[in-house]
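Novice: Just a sequence and a predicted model for now, questions to come.
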Amino acid sequence: MPENQKIDIREAAAGYEFPPVSYQIDSARVADYLGAVDEDNPLYQDTGLVPPMAVAALALAALSEGMTMPPGAIHVSQEVEFLAAVSTADMVTSQATVARSQNRGKFHMVTVALSVVNQGEKEVMTGKPTAIDLFAGCGGLTRGLRDAGFHVAAAVEIDSISARTYKWNNRRTRLIEKNIREGVAPEISKP
């Protein structure tokens, strides 16, 4: 894509949709990926099956082709879900939307939601920004984060009544009932 058609990521407002990018993940790309990550699993050797993380890596690479980023830009976190297998015969299309764009002092933070569909328009992968709800109460922030496209990985609440309400409202989110001052990192990082 020509430089003049790329968007500066700092100028992409929430809701901005990057142009979809279609491509085929052929066996040469799979071999390059396997070599780069030192993967020798026979499941991906000359079988036509694309490793799921290769789909994610190539989706992010396709997204980066449509933007310019300032020096020092980093990708922090993405919750990725694989919904269907991809083969080297498939044509896939990566789509991305800016979920959030915010300035914090010298820093500019952008959160992007990803989707990859195959030639039959079946979604094969999604990527959502991830958050943790601290001081969760009954779950209002969790609801807002979900509505904004975030995956809420966990929540922390010390009050037992609020925690009970949170559980009722957010049954699929792991709730840690603990004083945050006691440290919650080990519980948050549990699968």
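Specialist: Arrived safely, thanks for sending. Numbers count the residues shown, from 1 in each chain.
Novice: Which of the residues in stretch 41-57 are classified as buried?
Specialist: Buried residues in stretch 41-57, counting neighbours by 16 or more other CB atoms under 10 Å, are found at Y44, L49, V50, P51, P52, A54, V55, A56, A57. In short, each C-beta sits where N, CA and C put it, glycine included.
Novice: Quick one: mean pLDDT for it?
Specialist: Average pLDDT, stretch 41-57: 92.
Novice: any idea of the pLDDT on the residue nearest to Q78 when sequence neighbours are not counted?
Specialist: The spatial neighbour of Q78 that comes closest, neighbours along the chain excluded (CB to CB, 6 or more residues apart in numbering), is G127 at 4.7 Å. If you check G127, the pLDDT there is 88.
Novice: After the strand or helix carrying G127, which helix or strand is next?
Specialist: Per DSSP states H and E, G127 falls inside strand 123-128. Downstream of strand 123-128, the first helix or strand assigned by DSSP H and E is strand 130-134.
Novice: Using CSV, write down the CA coordinates of that following strand.
Specialist: Taking Å, rounded to 0.1, in the frame of the first residue of the first chain, the C-alpha atoms of strand 130-134 are listed here in CSV:
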residue,chain,number,x,y,z
THR,A,130,-8.2,-7.5,27.0
ALA,A,131,-9.0,-5.8,30.3
ILE,A,132,-9.2,-6.6,34.0
ASP,A,133,-11.9,-4.9,36.1
LEU,A,134,-10.4,-3.8,39.5
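Novice: which other residues reach that strand?
Specialist: Applying CB atoms under 8 Å, 6 or more residues apart in numbering, the contact partners of strand 130-134 are 77-79, 139, 141-142, 145, 150-156, 173, 180, 188.
Novice: Would you indicate which residues of it are buried?
Specialist: T130, A131, I132, D133.
Novice: next one: stretch 86-101
Specialist: For stretch 86-101, a neighbour-count test (16+ other CB under 10 Å) marks 86, 88, 90, 92-101 as buried.
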